[in-house]
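Q: no sequence on this one, just coordinates:
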């Protein structure tokens, strides 16, 4: 068994750009009080305080290809307009996903140059390696599998909703969003069901910024908990090597492109699947409740005509954008929007800003469940890295609202949510609500 963390894995948990920016940006003012050069959208405080919208609006209007640098990250550019984000995301030959998808830490991509080992995931690779490893697990979202799993998702959703207290305030995030997504994730991994909340914990700490009172309080704690994840999956790895099933771990163990990789090297793919199946869907579920409370006319429209649910789903995913950005790295000198990009410069494709681009989405800050082009959102990315779990995420959100509207007359947010302290995961830590049954 693995008792020590690979040096490349340990490096992934050192103080990174998000942590540096969190320290520098604690008291940043309103966007209107800053010069354009002072705006740095990587600031996690803007997301926790739900103030990111105004900063991105200024960048879209005044500097859509925006330069920043940090001691821990070097040079990087923020793309905030829809067309620029889509163009870069679709051009993997010019803009590489290697060595990682976030500005930092190097958690889902970079390997140790000396040993060739470390945390890797196919989202932080380019074709053909990316294609080979992605194909290993893509059958999980095949239409047949979706049809097979839908009754189970619906039954669990109904059971969770039937258990909700009426007239009492409870945390929607923990009681509904986390519970539903974690149950499904445990099924997809064939993960011991009683331990399923471990998946939630590991998902939470992947991109957590260590801070007193935070999800993790130190880099050391983050390393130790990730090693717990490695050890747990190492046991599953050995078990599935002997007794394979139709689950994600078995697919990775026996896939031609992945079967010879050690567990610690596979941690990137495992974490990618955990975060992709947990953080994103759960935050869209929570965002749908919060958003429809912010726009009660849209909630009323949905209640009066539940057939609008399939149109509502992509609009909520656009409005929430559960992962704010992805990073690419320039393979050679190039140009974006008249700005000169140097080889090895990092490019942050801000999906949350592209999805609020008024040139593409009219009245973009509002929820419009009949928006005609909502499905053009970039929340799932674009090109070779388009989210393979997108249809599964849409299915879960659709079923949730079909079952909600059957049971509840009101779902009322009682206070502003506590939001995730991250500029990468655009999410909710707590959302107090009360429900009234029909």
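A: Sure, I can see it. Note that the coordinates shown come from a computational prediction; the quantities given were computed from them, not determined experimentally.
Q: ranges for the strands of the stretch 151-300 of the chain?
A: For the stretch 151-300 of the chain, the strands defined by DSSP state E, counting those that start in this stretch cover 170-171.
Q: where does pLDDT dip in it?
A: Applying pLDDT under 70 to the stretch 151-300 of the chain flags the ranges 262-266.
Q: and the residue lying closest to residue 171 once chain neighbours are set aside, what is it in contact with?
A: Distances taken as CB to CB, 6 or more residues apart in numbering put residue 430 closest to residue 171, at 5.1 Å, once the chain neighbours are dropped. Bear in mind the C-beta positions are built from the backbone N, C-alpha and C, glycine included. The contact partners of residue 430, by CB atoms under 8 Å, 6 or more residues apart in numbering, come to 171, 173, 174, 417, 418.
Q: could you pull up phi and psi at residue 430?
A: Per-residue torsions, residue 430: phi -150, psi 140 (degrees, to the nearest 10).
Q: show me what it bridges to in the sheet.
A: Per DSSP bridges, the residues bridged to residue 430 are residue 418.
Q: equivalent analysis for the one 4 residues further on, please.
A: Residues in a beta bridge with residue 434, per DSSP bridges, are residue 412.
Q: surely it and residue 414 touch.
A: Yes: the criterion here is CB atoms under 8 Å, and residue 434 meets it with residue 414 at 6.0 Å.
Q: residues shared between the contacts of those two?
A: Joint contacts of residue 434 and residue 414 (CB under 8 Å, 6+ apart) are residue 169.
Q: who's more crowded, these two?
A: residue 434 (17 against 12; other CB atoms under 10 Å).
Q: show the contacting residues for the more buried one.
A: 166, 167, 168, 169, 170, 410, 411, 412, 414.
Q: among those residues, find me the one that's closest to residue 317.
A: Using CB to CB, residue 411 comes nearest to residue 317 of the contacts of residue 434, at 18.5 Å.
Q: that closest one: what's it in contact with?
A: Counting by CB under 8 Å, 6+ apart, residue 411 has contacts 289, 292, 293, 404, 433, 434, 435.
Q: next: residue 127.
A: 92, 384 are the contacts of residue 127 under CB under 8 Å, 6+ apart.
Q: now residue 87, nearest residue through space, not along the chain?
A: In space, and not counting its chain neighbours, residue 87 is closest to residue 336: 7.9 Å by CB to CB, 6+ apart.
Q: show the pLDDT at the one you found.
A: If you check residue 336, the pLDDT there is 97.
Q: please name the bridge partners of it.
A: residue 339.
Q: ok, it to residue 147 distance?
A: Applying CB to CB, to the nearest Å, the value for residue 336 to residue 147 is 42 Å.
Q: ok, those two, which is more surrounded?
A: Neighbour tally, residue 336 and residue 147, criterion other CB under 10 Å: the higher count belongs to residue 336, 20 against 10.
Q: re the thing from before, and the contacts of residue 430, which of them are buried?
A: By neighbour count, with 16 or more other CB atoms under 10 Å, those hold 171, 173, 174, 417 as buried.
Q: now the two most distant members of the residues you listed.
A: Those two in the buried ones among the contacts of residue 430 that are separated most widely, counting by CB to CB, are 174 and 417, at 12.0 Å.
Q: if we can go back for a sec, list buried residues within the contacts of residue 434.
A: Among the contacts of residue 434, those classed as buried by 16+ other CB under 10 Å are 170, 411.
Q: now, which of the contacts of residue 434 sits nearest residue 32?
A: Nearest member of the contacts of residue 434 to residue 32, counting by CB to CB, is residue 414, at 30.7 Å.
Q: surely the closest one touches residue 435?
A: No: with contact defined as CB under 8 Å, residue 414 does not count as touching residue 435 (10.8 Å).
Q: can you pull out the strands in the stretch 301-438 of the chain?
A: In the stretch 301-438 of the chain, the strands defined using DSSP E, counting those that start in this stretch lie at 325-330, 334-336, 339-341, 346-350, 408-413, 418-419, 428-430, 432-437.
Q: so what's residue 250 up against?
A: Residue 250 neighbours (CB under 8 Å, 6+ apart): 190, 240, 244.
Q: most neighbours, which of those?
A: For these, counting by other CB under 10 Å, the largest number of neighbours falls to residue 240: 21 neighbours.
Q: and the end-to-end length of stretch 338-349?
A: Length of stretch 338-349, first residue to last, CA to CA, to the nearest Å: 17 Å.
Q: list the buried ones in it?
A: 339, 341, 345, 346, 347, 348, 349.
Q: try stretch 73-80
A: For stretch 73-80, a neighbour-count test (16+ other CB under 10 Å) marks 73, 76, 77, 78, 79, 80 as buried.
Q: could you give the separation of it from the chain centroid?
A: Mean-position distance between stretch 73-80 and its chain equals 19 Å (CA atoms, centre = their mean, to the nearest Å).
Q: number the chain from 13, please
A: With the count now opening at 13, the last piece we talked about shows up as stretch 85-92.
Q: could you check how far the residue lying closest to residue 233 once chain neighbours are set aside is from residue 32?
A: In space, and not counting its chain neighbours, residue 233 is closest to residue 222: 7.1 Å by CB to CB, 6+ apart. To residue 32, residue 222 is 12 Å away according to CB to CB.
Q: equivalent analysis for residue 198, please.
A: Using CB to CB, one gets 35 Å for the distance from residue 198 to residue 32.
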